[in-house]
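> fold the following for me, if possible:
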Amino acid sequence: SGDSFTGALSRTAGENVGVYAITQGNLSAGGNYTIMYNGSNFTITKADQVITWNQTLGLGCNGETSIVLNAVANSGLAVNYASSNTNIATVSNNSLIFQNYGSATITASQPGDMNYNAAPAVVLPVVSSQPNLIRKQFENIIFFDNSSKSFKSYSWYKNGVLVPGQTSQYFKESGPLNGTYYAVATKLDGTLITTCTLTFSPTIEEEYIRIVPNPVRSNATFQLITNVSTSRLQNARVELYNLTGNLLTTITNPSQNTIDMSAPSVEGIYIVKMTLANGKYFTKNLLVKN
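The predicted model follows:
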């Protein structure tokens, strides 16, 4: 007949989860026809969401005290975090805050809302590593410092892989040390402590401090010389102690690899200690004599 539809169906407004009526709206077939419309509904159901989170959560070896957590839910909703052990690490304002050495897990969750189902939780490990527990003793041996008598057993790792049979307080290599090493030690209370790593290579010079001259005369100037890079010396401190543990001199934030210091006036043996911002330290004995 040449007549055609004009207008369109409409529905009750709304974008959230729910049921919305679809009505005839202003749909028309012209003046010669009457539309018999059977209504229906438009249903919006909750959508699923997922959390993406691929961070490595490690603290303690580079001077960090916190990490900004960056998990993202594809819904755009805010992600919540929880720590399995708040004695090791806590979460505040999406930041992971170091509290003590040890290990825990951090759970990222999103409970959903009226439009989204809860997201499957994502759990990542966090390790707060302790510096200054292991050191090179000989060309093929790394020693674990248990002077605190706090540890009862040891596992050793090379290049991230557990080394079978290495369960002593020291790690012994078949040849010169070459690789990245660390230990996981068990404290008397069962807590597992991961050490910071040591890396050895024929092309990497081991960090050190030296005292020149040594011995030195009373009240004379001596120098602390180090190969630690100037960038790693930022926020470092150099201290001079006597053998009873009394602090005599402090130099903060040295900017050069050669540091001038003054010897005490009293003859004896003293301890020079340089501590980096990440907690790693070096010590040398200083002999003062007239």
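> mind listing what's buried along the strand or helix carrying Met261?
For Met261, the element it lies in under DSSP states H and E is strand 258-262. For strand 258-262, a neighbour-count test (16 or more other Cβ atoms under 10 Å) marks 259, 261 as buried. C-beta coordinates here come from the backbone N, C-alpha and C atoms, glycine included.
> what's the following helix or strand after it?
strand 268-275.
> thinking again about what came up before, pLDDT (mean, whole number) over the strand holding Met261?
Averaged over strand 258-262, pLDDT sits at 94.
> show me what contacts Ala220?
Ala220 makes contact with 262-263, according to Cβ atoms under 8 Å, 6 or more residues apart in numbering.
> swap the cut-off to 6 Å and go again
Taking Cβ atoms under 6 Å, 6 or more residues apart in numbering, we find Ala220 in contact with Ala263.
> quick one on the thing from earlier: which elements pack onto the strand holding Met261?
The helices and strands touching strand 258-262, judged by 3 or more Cβ pairs under 6 Å, 6 or more residues apart in numbering; DSSP states H and E, are strand 221-226.
> buried residues of the strand it packs on, list them for me.
Result for strand 221-226 [16+ other Cβ under 10 Å]: buried residues 222, 224, 226.
> each with direction, which strands does that strand pair with?
Using DSSP bridges, the strands paired with strand 221-226 in its sheet are strand 209-212 (antiparallel), strand 258-262 (antiparallel).
> ok, which of those strands comes nearest Ser150?
Among those, strand 209-212 comes nearest to Ser150, with 26.6 Å by Cβ to Cβ.
> and that closest one, what's buried?
209, 211.
> who's in contact with that strand?
When contacts are defined by Cβ under 6 Å, 6+ apart, strand 209-212 is touched by residues 223-226, 274, 282, 284, 286.
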